[in-house]
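Asker: My questions concern the predicted model and sequence given below.
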Amino acid sequence: MKARKIDNNVFWVGAVDWDRRLFDSLIPLPDGTSYNSYLVRGSEKAALIDTVDPSMTSFLLSRLDELGTTKLDYLIANHAEQDHSGSLPAVVDRFPMAKVVTTPKGKKMLIDLLRLPEDAFITVEDGEQLSLGDKTLRFIHTPWVHWPETMVTYLPEDRILFSCDFFGSHLAMSSLYTEDTARLCEAAKAYYAQVMMPFRAAIRKNLEKIQPYRIDVIAPSHGPVHRDSACILRSHQDWVSDALSNSVVLPYISMHGSTQLMADHLADALTERGVQVQKFNLAVADTGKLAAALVDAATVVVGSPMVLAGAHPSVISAVFLANALRPKLRFASIIGSYGWGGKMVEHITGTMSNLKVELLEPVLVQGHPREEDLQALERLAEAIAAKHHEAGIG
């Protein structure tokens, strides 16, 4: 991709990473990602908003060269994480007169992470502005989106919000925009789930904070640019709300088929009672899709066989992830099979201490499920449907 024009004297100069499949050695990237950087030229001064992952520095510099950029006055660092800030040292070397503009907390973190000199910085307070001549950059502090130092940059003349990780998605594309709203929404929800959901209360406050601004375009630092800002704003407002869907997320794993049979039977029983089920076989599941399913689900039911007197390690990993992401779940339960005994329930519940859920009666069976065990699963499905109804869910 070459540099792309977004508006008058506003350009995308980032990089698309088609081949990256794992982010932070943790988050799966089935569709790759992008690192978006933006050049804003005013009548008097020019600013670069965010940089790119250090592995992609050459792409950023070549796009600046392509646009004939010989002078930059400001390097805006909305967020200190290295996938956005990692190319700053190279850009500072290329444009030594440019000042790095960030929050006071951002300055300290960038010095710690990148060893930039202290005199390279200008810090800005919440609401402060910088003039580029006929264009203005306004800085809005948005702490805990998703680090404590974050801010977004607003360009009022063109009604563009440069939001960094806010409203992002891990989605590599050849075009700057996409008309495939379903695919974008799925990617954005997975991104929100894995990056932003633990900070849901802070995200809600920051959504309220940007509400007074007239925003036509949202330009995040990952994924496509949003020309329909209302759609992505509305989605985030739904995700951070307390509203729940009439759905159960069912992550499970089975070693010899017993837990698989239980998961299948429970899913059918819930479906018959009008409750949507999203099953995830943890032997093959994409954890990003699992995280996205947890965003607005009312209930999680964890399925595991007993392994050395505890839960299966893949199950504990999934529960640990859910515990860290802190979704707005209301109810939880556990199903599974064991051979001779153990403390699987205690193992799982001890790993979900952050989840403020009501634990419904687990269903554990010794060996292969019998008819009475399947009836216990029917009763669990009935209890879940009743709890959802009592809570006004669905």
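Answerer: Nice, I can see it. Note that the structure is a prediction, hence the values are computed from the model and not measured.
Asker: Just checking: what are the partner strands of the longest strand seen in the chain?
Answerer: Scanning the chain for the longest strand, with DSSP state E as the assignment, gives strand 297-307. Neighbouring strands of strand 297-307 in its sheet, by DSSP bridges, are strand 245-252 (parallel), strand 310-311 (antiparallel), strand 331-338 (parallel).
Asker: which is the next helix or strand following the first one?
Answerer: If I follow you right, that is strand 245-252. The C-terminal neighbour of strand 245-252 among helices and strands, as given by DSSP states H and E, is helix 258-272.
Asker: contact partners of that next one?
Answerer: By C-beta atoms under 8 Å, 6 or more residues apart in numbering, the surrounding residues in contact with helix 258-272 are 248, 250, 252-254, 276-277, 279, 281, 301, 303-305, 335-337, 363, 365, 367-369, 373-374, 377-378, 380-382, 384-385. Placement of C-beta: from N, CA and C, glycine included.
Asker: what's the answer for stretch 348-355, then?
Answerer: With C-beta under 8 Å, 6+ apart as the criterion, stretch 348-355 contacts 300, 302, 304, 311, 315-316, 319-320, 322-324, 326-327, 329, 332, 334, 359.
Asker: avg pLDDT for that stretch?
Answerer: The average of the pLDDT scores along stretch 348-355 is 96.
Asker: Start and end of that stretch, how far apart?
Answerer: Between the start and the finish of stretch 348-355 there is a gap of 12 Å, counting by C-alpha to C-alpha, to the nearest Å.
Asker: So the residue lying closest to Ala383 once chain neighbours are set aside versus Ala293, what's the distance?
Answerer: If the residues on either side of it in the chain are set aside, Ala383 comes closest to Leu360, at 5.5 Å by C-beta to C-beta, 6 or more residues apart in numbering. With distances defined as C-beta to C-beta, to the nearest Å, the gap from Leu360 to Ala293 amounts to 19 Å.
Asker: hmm, back to that, ok, which of the strands paired with strand 297-307 comes nearest Glu125?
Answerer: Glu125 lies closest, by C-beta to C-beta, to one member of the strands paired with strand 297-307: strand 245-252, at 39.9 Å.
Asker: quick check: mean pLDDT across that closest one?
Answerer: For strand 245-252, the per-residue pLDDT values average out at 98.
Asker: Alpha carbons of it, as PDB, please.
Answerer: As requested, C-alpha coordinates have been extracted for strand 245-252 and formatted as PDB (Å, rounded to 0.1, in the frame of the first residue of the first chain):
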ATOM      1  CA  SER A 245     -27.900 -11.400  25.900                       C
ATOM      2  CA  ASN A 246     -29.900 -14.500  26.500                       C
ATOM      3  CA  SER A 247     -26.900 -16.700  25.800                       C
ATOM      4  CA  VAL A 248     -24.500 -19.200  27.400                       C
ATOM      5  CA  VAL A 249     -20.900 -19.500  26.500                       C
ATOM      6  CA  LEU A 250     -19.800 -23.200  26.800                       C
ATOM      7  CA  PRO A 251     -16.000 -23.700  26.700                       C
ATOM      8  CA  TYR A 252     -15.100 -27.300  27.200                       C
END
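Asker: Could you check the angle it makes with helix 258-272?
Answerer: With axes from the mean of the first three to the mean of the last three C-alpha atoms, to 10 degrees as the criterion, the two stretches strand 245-252 and helix 258-272 enclose an angle of 170 degrees.
Asker: State the pLDDT value of Leu72.
Answerer: In the prediction, the pLDDT value recorded for Leu72 is 98.
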